[in-house]
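Student: Sequence first, predicted model second:
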Number of protein chains: 2
Amino acid sequence: MTVTLADVAARAGVSAATVSRVLNGNYPVATATRSRVLRAVDELEYVVNGPASSLAAASSDLVGVLVNDIADPFFGIIAGAVQDTIGPVTETPGHGRKLAVICNTGGSPERELTYLTLLQRQRAAAVVLTGSGTEDPAHQDALATRLRRLSAGGVRVVLCGRPAPSSGDATSGRGVATRAGSNGAAHTGGPGYGEPDDGDGTARPVTVPLDNEGGARALTEHLLALGHRRIGYLAGPDHRSTTRHRLAGHRAALADAGLEPPPERLVLHGPFDRDTGYSGALRLLEEEPGLTAIAAANDTVALGVCAALRDRGLRVPEDVSVTGFDDLPFAADVAPGLTTVRLPLREAGTAAGRVALGLEDPKDGLVPATPARLVARDSTAAPRA
Amino acid sequence: MTVTLADVAARAGVSAATVSRVLNGNYPVATATRSRVLRAVDELEYVVNGPASSLAAASSDLVGVLVNDIADPFFGIIAGAVQDTIGPVTETPGHGRKLAVICNTGGSPERELTYLTLLQRQRAAAVVLTGSGTEDPAHQDALATRLRRLSAGGVRVVLCGRPAPSSGDATSGRGVATRAGSNGAAHTGGPGYGEPDDGDGTARPVTVPLDNEGGARALTEHLLALGHRRIGYLAGPDHRSTTRHRLAGHRAALADAGLEPPPERLVLHGPFDRDTGYSGALRLLEEEPGLTAIAAANDTVALGVCAALRDRGLRVPEDVSVTGFDDLPFAADVAPGLTTVRLPLREAGTAAGRVALGLEDPKDGLVPATPARLVARDSTAAPRA
DNA sequence: AACGGCGTAGAAAGCGCTTACCATCCTTGC
DNA sequence: GCAAGGATGGTAAGCGCTTTCTACGCCGTT
């Protein structure tokens, strides 16, 4: 029924080995033979059997990309860039036949693990983890283990915009483990997975950093410079690295300005969606009617904040300033234009893709970071006197 | 190095066949044996070799999802829904281990074909094509051929929000072929691929319709009802099914109202991005200063339109009304709220996923359509008297 | 003229799994 | 108490490809 290598070989009057060699181009084949084979391939409309070659060659053309929410342009942009890099466009010989498998974890650590297993099972060539990671010790441990196993199996692991999971490494006793919470040292890939040389020469995971902390700091500094002192902060979901890093930047800016850390009631957590912004803003306003600015975890959240303020009859930025994060495409076009921070998402995705292809392999496991850039638009202004 | 079926078998004191049967659960195995095997799997941390089983079983767990632009939430939502449906969550026995491969075509027909070949090569279980298709006859032919070949190979083909490509079927002489352009008959899966029974019992592609035409018609009717008569139309990219269907709806509404078809200069084409909206609006305003409304191909385009109008000092909706399409999440939160049409994207993605899994198979190859719903917000109002 | 090399191509041994097709063994029915 | 039959489990033949090892010419050397 289906055409196989052998059929092509027969038609071209050569052996299957030769056909394989022509198709993979990693062995000298005389030009005449080659074209004869190619013609046969064409005439028979032969299509390689991927599973068979993956089995024989013990490797596959799949690259897994894990995202929290594919419907969120934040991830769409990263995933798109990864795919553009490894996809069929790239005509780096040997590459370009790779397929990106985008996996939607919905932010669930369990699903993340499940997908990782599924990818391991498919013998994926590489795995890219994007977005924020949980900071729950148990899950970090499980994740670290899984990733270690993947690396051991020759799967390249890339962490895009998230730190390497730390693990309470079983072999070195228990105890010291997972210390999450402090600021700073964001993407240096803490203790645990990645740190100690595993002995055999398995590749270590590579981190493509995203400067969440610096971006958040810049945003808060901007607000402070405008004269704001009572700032509400709508952080992302709790126990997530991104949330913590952005919050850390916010706090750092306050500290640098010699101000008190923000009171608990002015820091609310919630998912990265418009409702968090909408209800969060209302709540913040209740807690602190004198609020002059609200920093949102995200552009989408910021949009919800603006809607809430509008519904409350407050003007942006005259009554309350609002900031976002990510600089998604719509941020420039909403009214007023959203002051936010532009994260180099495409660049990060491209870098992640290159690492996944093995085109790049920073010796310290860290791709140099492109800094986040403050984009001041019209949603922020000095508070009314 | 890596653990194989045989290792597990040895450890459990059974044959490889038994282990395979336990893992696939499609053959009776005594409970005691089963748990012994499961324990061995656990202890050895065994992970199935996907390629090997795909080869042996002549089928794989991959489902391809082709999208035009993964960074566009329109596709993100659909793709996410597809994935949620076929992904590891679904615990329909036998399913749930499937992986969605999201492929970003960038709207390029060539890439679309390349991906389709890649998927065929991976022996994907199903392929879902989303978004608008080209209406270029040559590409439609190529696409039809490729899809026919996929179906013949047992790959389930699902068209989500796009018509089946028509082909100037080579066997029936040349000539009649591709008649694109007329309105109506949107998703009925025209002539060409899909229509005639191919003889052997290969599955026919299933279409999950999206009511682009009806939505566009509703939007224009809304505008007409408000009293608008000079309406500019910013259509999507030329020669794409979605563009044509939406435009057809617009025209139909005009015709129903007994009005002239829109003059050429008031219908501009461009990609589905904010720039098309921005520059398109400016251009439209030049062409027809008396314009009272602009219908955009898309919410994103509409956002660009609003930005341009604002920059021109025109108010929405007082001076010019604006409509979008898709009702992406941000449409509700921008100011003024965007009047648009809500397309049941999640529903469509879910349906596509179910068909891809073979859970559903409408006999006429057409999943019943959920209608598009007009969402009137504040970006439209009666024109000034 | 004989020989080592190089450039090509073929033979064949798997890769790790699935799945007929059998071989047991323990029930049952009578 | 014995044969028939169901319930389990094993055997082994591939699935279609890659790749090592080998074979064969033909060339340039010495």
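Tutor: Perfect, I can see it now.

Student: Can I get the worst-scoring helix or strand of chain A on mean pLDDT in CSV? Just the C-alpha atoms.
Tutor: Confidence across the helices and strands of chain A bottoms out at strand A:99-104, with a mean of 89, counting by mean pLDDT, DSSP states H and E. C-alpha atoms of strand A:99-104 as CSV (Å, rounded to 0.1, in the frame of the first residue of the first chain):
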residue,chain,number,x,y,z
LEU,A,99,8.7,19.9,14.2
ALA,A,100,7.8,22.0,17.2
VAL,A,101,5.3,20.4,19.5
ILE,A,102,3.6,23.2,21.4
CYS,A,103,2.2,21.9,24.6
ASN,A,104,-0.3,23.9,26.6
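
Student: tell me the angle that strand makes with strand B:99-104.
Tutor: If you take axes from the mean of the first three to the mean of the last three Cα atoms, to 10 degrees, strand A:99-104 sits at 110 degrees to strand B:99-104.

Student: Tell me which other helices or strands strand A:99-104 touches.
Tutor: Packing partners of strand A:99-104 (3 or more Cβ pairs under 8 Å, 6 or more residues apart in numbering or on different chains; DSSP states H and E): strand A:62-67, helix A:73-86, helix A:109-121, helix B:73-86, strand B:99-104, helix B:109-121. Yep, even glycine has a C-beta here, placed from its N, CA and C like the rest.

Student: Just the buried positions in the second one, please.
Tutor: When neighbours are counted by 16 or more other Cβ atoms under 10 Å in any protein chain shown, the buried residues of helix A:73-86 are found to be A:73-86.

Student: okay, which residue is most central for chain A?
Tutor: For chain A, A:Thr130 is the residue whose C-alpha lies nearest the centre (Cα atoms, centre = their mean; 2.2 Å).

Student: On the strand side of things, show who it bridges to.
Tutor: Beta-bridge pairing of A:Thr130 under DSSP bridges involves A:Cys160.

Student: mind listing what it touches?
Tutor: Applying Cβ atoms under 8 Å, 6 or more residues apart in numbering or on different chains, we find A:Thr130 in contact with A:Val65, A:Leu66, A:Val67, A:Asn68, A:Phe75, A:Ile78, A:Ala79, A:Cys160, A:Gly161, A:Arg162, A:Gly349, A:Ala352.

Student: Next, the contact list for A:Ser70, please.
Tutor: I think there's a mix-up here, since residue A:70 is Ile and not Ser. Here A:Ile70 is in contact with A:Gly76, A:Ala79, A:Ile102, A:Asn104, B:Ile70, B:Gly76, B:Ala79, B:Gly80, B:Gln83, B:Ile102 (Cβ under 8 Å, 6+ apart).

Student: at 6 Å instead, please
Tutor: Neighbour list for A:Ile70: A:Asn104, B:Gly76, B:Ala79, B:Gly80 [criterion: Cβ atoms under 6 Å, 6 or more residues apart in numbering or on different chains].

Student: Output the residues you listed as JSON lines; include the columns distance to DNA strand C.
Tutor: As requested, the contacts of A:Ile70 are exported to JSON lines (distance: Cβ to the nearest atom of the strand, whole Å):
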{"residue": "A:Asn104", "distance to DNA strand C": "25"}
{"residue": "B:Gly76", "distance to DNA strand C": "33"}
{"residue": "B:Ala79", "distance to DNA strand C": "28"}
{"residue": "B:Gly80", "distance to DNA strand C": "29"}
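
Student: quick one: buried residues of the host helix or strand of A:Ala9?
Tutor: Assigned by DSSP states H and E, A:Ala9 falls within helix A:5-12. Buried residues in helix A:5-12, counted by 16+ other Cβ under 10 Å: A:Leu5, A:Asp7, A:Val8, A:Ala9, A:Arg11, A:Ala12.

Student: Could I get the full set of strands for chain A?
Tutor: In chain A, strands defined by DSSP state E lie at A:62-67, A:99-104, A:126-130, A:156-160, A:206-208, A:231-235, A:267-269, A:293-296, A:321-323, A:340-342, A:373-375, listed in chain order.

Student: closest to DNA strand C among the buried residues of helix A:5-12?
Tutor: Set against DNA strand C, the nearest of the buried residues of helix A:5-12 by Cβ to the nearest atom of the strand is A:Ala9 (7.2 Å).

Student: any idea how far that closest one lies from A:Tyr27?
Tutor: A:Ala9 sits at a distance of 15 Å from A:Tyr27 (criterion: Cβ to Cβ, to the nearest Å).
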